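> Need coordinates for the below:
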Amino acid sequence: MHIKNYTLNPIFDNIGDGTHSSVNKAVDIKQNRIAALKFSNRAITQPQKDFIREKLEIATNLDHPNICKLYDAFVDSKLDPNGNPLERYVSVMAYVEGESLFDFF
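You can find the predicted model right below:
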């Protein structure tokens with residue numbers, strides 16, 4: 001499957017699922033690197049879009065060894081199970097191999 005500049009296999013490259021999002025490992029075709037794509041799982045209202053956009057703008061400018069780098073963010077449209085259009089936010093982050101944060105608790 002291709003989304004924007006990224007290619008992924010949603011069945012084999014699923015990294016994790018949560019209440020509000022799911023994360024897949026993908027290949028950034030333009031930058032020739034592995035990335036993690038985080039997809040929102042639910043519809044987003046306009047005020048939420050504005051809030052998220054503002055926070056993502058701030059996050060893309062952060063650069064610290066203890067913070068996962070955010071490369072990109074965009075809105076992707078797809079159809080929900082009922083055939084209705086669904087917009088979801090996609091955050092593209094550095095892919096970091098290793099243990100889950102929950103492995104430490």
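
> Could you list which residues are in contact with residue 87?
Going by CB atoms under 8 Å, 6 or more residues apart in numbering, residue 87 touches 43, 44, 75, 76, 77. Just so you know, the C-beta spots here come from the backbone N, C-alpha and C atoms, and that holds for glycine as well.

> And the pLDDT for it?
Residue 87 carries a pLDDT value of 79.

> could you say which helix or strand contains it?
Using DSSP states H and E, residue 87 maps to strand 85-94.

> Run me through the strand neighbours of the least confident helix or strand in the chain by mean pLDDT, direction for each.
Among the helices and strands of the chain, strand 2-3 carries the lowest confidence by mean pLDDT, DSSP states H and E, at a mean of 79. Strand pairing for strand 2-3, using DSSP bridges, gives strand 6-7 (antiparallel).

> mean confidence score for the strand it pairs with?
Strand 6-7 comes out with an average pLDDT of 86.

> now what about the very next helix or strand once past that strand, what contacts it?
Per DSSP H and E, the first helix or strand lying C-terminal to strand 6-7 is strand 14-17. With CB under 8 Å, 6+ apart as the test, strand 14-17 has contacts from 22, 23, 24, 25, 36, 100.

> got a list of what the most centrally placed residue in the chain touches?
Centroid check for the chain by CA atoms, centre = their mean gives residue 38 as the closest residue, at 2.0 Å. Contacts of residue 38 were listed using CB under 8 Å, 6+ apart, and they are 21, 22, 23, 90, 91, 92, 93.
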